[in-house]
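Enquirer: Sharing a model that was predicted from the sequence below.
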Amino acid sequence: MNDANRALKNDPLLDDDDPFLDAADVERMMLGEAAPDEADDGPFGATSGEDPYFDEADYDEAAPSAPVDPVFEDVRDEIGPMAAGSALYGEVDQEFSDQPVPRISVGAFCERPETGALIHNAAGDRRLAKAHVTVELGGLPAAIERYHDESTPNLLIIESGMRGRGLFDQLEELAGVCDPDTRVIVIGAANDIALYRELMKRGVSEYLVPPMMPLHLIRTISELFLDPDQPFAGKTVAFIGAKGGVGSSTVAHNCTWALTEGIQSDAVLVDLDLSFGTAGLDFNQDPAQTLGDALSDPERLDDALLDRLLVRCTDRLSLFSAPATLDKDWEFTPRDYETVLEKVRRQAPFVTLDLPHTWSPWVKQTLLSADQVVVTVAPDLASLRNAKNLFDLVTTARPNDEPPKIVINMAGMPKRPEIPIKDFAEALGAQPALVLPFEPQLFGKAANNGQMITELDAKSKAAEGFNHLAGLVSGRVAAPMRSRSFIGKLFGG
């Protein structure tokens, strides 16, 4: 659970006669040593009996389960169908049981096919319909090997039968390849309260013990990402141009594409240029309903309506398109924008904001409220002046946040006098995050075809640049650039 103390308070294993409260017993359990009267009767070693949270009689037959990968088909019947409701949780909080989990990515690494089949069944539930769930065999070693070269998903589910130092050593190794915001659920073999406590201390989000049903896992994931005291909110990245025509929207759209296709994270792109937005054109979409409909009545916007307004460009990328019409004045208050964006943030781990080149109270508020700011400039004097003003405003108003990232676009245009990149960096007091060369043929063809640069030429320098920028704004950068000393820092919980 999100709150380990709350879990321990309600844990039926915690009573005055808890045998693991003895110091010698705690040390024995941490080392994985069995007591003289314990027998290795479980699939992974000693267990402490039946799971007190599980009662098979509590489950009734319900809707058919989701399709199962062929590797798990042999054990599908052993898992059984998911139940629509269960006494497993007592009085189930409807907010957890009915509200869909956001568009997160989930990677599961199991030691037993039975566990893999159970997770496949859980992934087919309506509450996880937005999540991207992948299941593999191999347990902790397979997860460690996989994420040496890949970014970790929002949630890792790891099955391990180990209980002592071997488990902690492998978790420490997993932390070394894990992104800081990844949460971890461990599926173990024994109802061992001492082990549970130690895992919570090390930053693991939850420890589960089989036998369990899909609803057990579904609720655990829901509690991690739908905690009313700590509601899920995706990271916002605001893109703005230092002046008109510098290509800020192009940078925003291609960076969002790199977030979803390169880093494999879900994202929502919000086109906030209501009158002239080009996101619909760039992604070859023409939705009937747009952001203007949401802003017209923001209090009415709920998850169901938001799902209808968002356009799914790919499995991972959703678009909140601008009306792109001059029929209306689009006069909305900063509070209207704030309300809509707060609700959009519940949809995906990343929300990219394509801001227009205007200056008004709502633009300023949106810019200063974002988690990351990206300012696109051209290598000329007007861009330098405006970028300096934006840079100073943002850094002064947000002294505890990262300064804006500067993208120099269309560098090296023939016959155009340009301010050297070195002078730009000295004036701003920061090196540019990305310098994009002037490539009118590549960018023009992509725009006219409704394609992203990576779709058109994945090996181009521009495509590599957008992937680099996506890594910077997402925080998913090379391993040596962030501390990996403590599991608690790396596993969110």
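Expert: Nice, thanks for sending it over. Residues are numbered from 1 along each chain as shown.

Enquirer: Helix or strand: which one has the closest residue to Arg316 other than its chain neighbours?
Expert: Spatially, and ignoring its direct neighbours in sequence, Arg316 is nearest to Thr260 (3.9 Å; C-beta to C-beta, 6 or more residues apart in numbering). Every residue, glycine included, has its C-beta placed from N, CA and C. Using DSSP states H and E, Thr260 sits within helix 248-261.

Enquirer: ok, then the element right after that helix?
Expert: Using DSSP H and E, the next helix or strand after helix 248-261 towards the C-terminus is strand 267-271.

Enquirer: list the helices and strands that following strand packs on?
Expert: helix 248-261, helix 279-282, strand 317-320, helix 334-344, strand 350-354 (3 or more C-beta pairs under 8 Å, 6 or more residues apart in numbering; DSSP states H and E).

Enquirer: mind checking which of those is nearest Ala397?
Expert: Nearest to Ala397, of all the helices and strands packed on strand 267-271, is helix 334-344, at 14.8 Å by C-beta to C-beta.

Enquirer: ok, and for that closest one, which residues are buried?
Expert: Residues of helix 334-344 classed as buried by neighbour count (16 or more other C-beta atoms under 10 Å): Asp336, Tyr337, Thr339, Val340, Leu341, Lys343, Val344.

Enquirer: so the second one touches Leu367, yeah?
Expert: No: proximity of Tyr337 to Leu367 does not meet the contact threshold set by C-beta atoms under 8 Å, at 11.1 Å.

Enquirer: center of this structure - which residue?
Expert: Pro349 (3.5 Å; C-alpha atoms, centre = their mean).

Enquirer: circling back to that earlier point, quick one: which of the buried residues of helix 334-344 is nearest Leu291?
Expert: Once C-beta to C-beta is applied, the member of those that ends up nearest Leu291 is Val340, at 7.4 Å.

Enquirer: so where's this protein uncertain?
Expert: Scanning the chain for pLDDT under 70 picks out 1-99, 229-230, 477-493.

Enquirer: Go through it and flag its longest helix.
Expert: In the chain, assigned by DSSP state H, the helix with the most residues is helix 381-397.

Enquirer: coming back round to it: would you format the buried residues of helix 334-344 as a markdown table with distance to Gln451 included?
Expert: Listed next are the buried residues of helix 334-344 as a markdown table, based on distance: C-beta to C-beta, whole Å:
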| residue | distance to Gln451 |
| --- | --- |
| Asp336 | 33 |
| Tyr337 | 29 |
| Thr339 | 33 |
| Val340 | 28 |
| Leu341 | 27 |
| Lys343 | 30 |
| Val344 | 25 |
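
Enquirer: which one among these gets closest to Ile421?
Expert: Of the buried residues of helix 334-344, the one sitting nearest to Ile421 (C-beta to C-beta) turns out to be Leu341, at 33.2 Å.

Enquirer: That closest one reaches Thr366, doesn't it?
Expert: Yes: if you go by C-beta under 8 Å, Leu341 and Thr366 touch, sitting 7.0 Å apart.

Enquirer: what is in contact with these two at once?
Expert: By C-beta atoms under 8 Å, 6 or more residues apart in numbering, Leu341 and Thr366 have these common neighbours: Leu353.

Enquirer: Tell me how far the closest residue in space to Glu173 that isn't next to it in sequence lies from Leu353.
Expert: Excluding the flanking residues, the one nearest Glu173 by C-beta to C-beta, 6+ apart is Ile144, at 5.4 Å. Distance, Ile144 to Leu353, using C-beta to C-beta, to the nearest Å: 35 Å.

Enquirer: So if I had to pick from these two, which one is more boxed in?
Expert: Taking other C-beta atoms under 10 Å, Ile144 and Leu353 do not tie; Leu353 has more neighbours (27 against 20).

Enquirer: and the closest residue to the more buried one other than its chain neighbours, helix, strand or coil?
Expert: Leaving aside its sequence neighbours, Leu353 sits nearest to Ala238 (C-beta to C-beta, 6+ apart; 4.5 Å). Following DSSP: H, G, I helix; E, B strand; the rest coil, Ala238 is assigned to strand.

Enquirer: Surely the residue nearest to Arg316 and Ala267 touch.
Expert: Yes: applying C-beta under 8 Å as the test, Thr260 and Ala267 come out as touching, 5.2 Å apart.

Enquirer: After the one helix or strand Val184 maps to, which helix or strand is next?
Expert: Using DSSP H and E, Val184 sits within strand 183-187. Per DSSP H and E, strand 183-187 leads on to helix 193-201 as the next helix or strand towards the C-terminus.

Enquirer: Which strands or helices does that next one pack on?
Expert: Short answer (3+ C-beta pairs under 8 Å, 6+ apart): helix 193-201 packs on helix 4-10, helix 23-30, helix 165-175, strand 206-208.

Enquirer: Strand 183-187 and that helix, what's the angle between them?
Expert: If you take axes from the mean of the first three to the mean of the last three C-alpha atoms, to 10 degrees, helix 193-201 sits at 170 degrees to strand 183-187.

Enquirer: Just give the nearest non-adjacent residue to Asp315, would you?
Expert: Spatial nearest neighbour of Asp315, chain neighbours left out: His132 (7.1 Å); criterion: C-beta to C-beta, 6+ apart.

Enquirer: residues near that neighbour, how many?
Expert: Neighbourhood size, His132 [other C-beta under 10 Å]: 18.

Enquirer: OK, contacts around it?
Expert: When contacts are counted by C-beta under 8 Å, 6+ apart, His132 is found next to Arg103, Ile104, Ser105, Val106, Pro153, Asp266, Asp315, Arg316.

Enquirer: out of these, which one sits closest to Leu393?
Expert: The closest of those, once distances to Leu393 are taken by C-beta to C-beta, is Asp266, at 30.7 Å.

Enquirer: Report the contact partners of the closest one.
Expert: By C-beta under 8 Å, 6+ apart, the contact list for Asp266 reads 102-105, 130, 132, 260, 316-318, 348-350.

Enquirer: And the residues you listed, which is closest to Trp330?
Expert: Using C-beta to C-beta, Ser318 comes nearest to Trp330 of those, at 21.7 Å.

Enquirer: for that closest one, what are its contacts?
Expert: So Ser318 contacts Arg103, Asp266, Ala267, Val268, Leu269, Leu310, Val311, Arg312, Gln347, Ala348 (C-beta under 8 Å, 6+ apart).

Enquirer: gap between the fifth one and Leu310?
Expert: Put plainly, it is Leu269. 10 Å.

Enquirer: residues bridging contact with these two, i.e. touching both?
Expert: Ser318, Leu319, Phe320.

Enquirer: For those residues, give me TSV that also has distance to Glu455.
Expert: Shown next, in TSV, are the shared contacts of Leu269 and Leu310 (distance: C-beta to C-beta, whole Å):
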residue	distance to Glu455
Ser318	17
Leu319	15
Phe320	21
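
Enquirer: which residues of this protein fall in strands?
Expert: Taking DSSP state E, the strands of the chain run over residues 105-110, 132-137, 155-159, 183-187, 206-208, 235-241, 267-271, 311-312, 317-320, 350-354, 372-377, 405-411, 434-437.

Enquirer: Regarding stretch 189-209, how distant is the last residue from the first?
Expert: Start-to-end span of stretch 189-209 (C-alpha to C-alpha, to the nearest Å) is 6 Å.
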